[in-house]
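Enquirer: Coordinates for the following, if possible.
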Amino acid sequence: MIALWMFTGKICWRSKEMINYDKKVKTTQINLYSCEHPVLTDPQYGNLFLEELVEFISMNKIPEEIIGSKNPVTFQFNPGFVEKQEHGVTGIITLYESHCAFHSWPELDGFLCVVISSCKDYDVAATARWIAEKVNAKGYKFKFLDF
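Expert: Residues are numbered from 1 along each chain as shown. Prediction:
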């Protein structure tokens, strides 16, 4: 069976061997505590983090020429009314299998939340450990948000 995606009028084909479409989407939220890593405050590190995460879970980023915009996309918040405080970063990467996103709150003792949504299976526990090591988290937990 062949699956078909359409983005900005372009067509991209993927074979069923790559993704098991018979399973429902698995969304995992990974909360990481007391992180010490530039991903919390620097959008460039956020982009690199998302690229490395996608590689670790063996998924596939949709090329920018198909989407028609940057992929991944990160943004640093700056409310403007708090001076000399590090502000968090949010980022998302669009995948053929769905997406990965993160949100950081350095002001909340280095809190990082990573969400992975996918129709493809991956090792959630190994992924959570990998992220925790990557961002030097002192603790983490994950939960499933099934649809």
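Enquirer: and L53, how many residues sit next to it?
Expert: As a burial measure, L53 scores 20 neighbours (other Cβ atoms under 10 Å). Yep, even glycine has a C-beta here, placed from its N, CA and C like the rest.
Enquirer: Buried residues, the helix or strand hosting it. List them.
Expert: In this structure, L53 is located in helix 43-56 according to DSSP states H and E. Applying a neighbour-count criterion of 16 or more other Cβ atoms under 10 Å, one finds 43, 45-47, 49-50, 53-54 buried in helix 43-56.
Enquirer: Tell me which residues touch Y33, please.
Expert: Contact analysis of Y33 by Cβ atoms under 8 Å, 6 or more residues apart in numbering lists 109-111, 137-140.
Enquirer: could you flag which of those residues are buried?
Expert: By the neighbour-count criterion of 16+ other Cβ under 10 Å, those include these buried positions: 110-111, 137, 140.
Enquirer: quick check, nearest of the buried residues of helix 43-56 to I30?
Expert: Within the buried residues of helix 43-56, proximity to I30 (Cβ to Cβ) peaks at L53, which comes in at 10.2 Å.
Enquirer: In the buried ones among the contacts of Y33, find the pair that's most separated.
Expert: Using Cβ to Cβ, these span at most 11.7 Å, a distance reached by G110 and Y140.
Enquirer: which residues does the residue nearest the centre of the chain contact?
Expert: With distances taken as Cα atoms, centre = their mean, the chain has C100 as the residue nearest its mean C-alpha position (2.7 Å). For C100, the residues meeting the contact criterion (Cβ under 8 Å, 6+ apart) are 50, 53-54, 57, 59, 92-93, 114-117.
Enquirer: Most widely separated two among those?
Expert: Most distant of these, by Cβ to Cβ, are I57 and I92, 14.9 Å apart.
Enquirer: Please name the bridge partners of K61.
Expert: The partner list for K61 in beta bridges (DSSP bridges) reads L95.
Enquirer: Can you tell me how far it is from A132?
Expert: 23 Å (Cβ to Cβ, to the nearest Å).
Enquirer: Please apply the same query to S118.
Expert: Here the criterion is Cβ to Cβ. By it, S118 lies 19 Å from A132.
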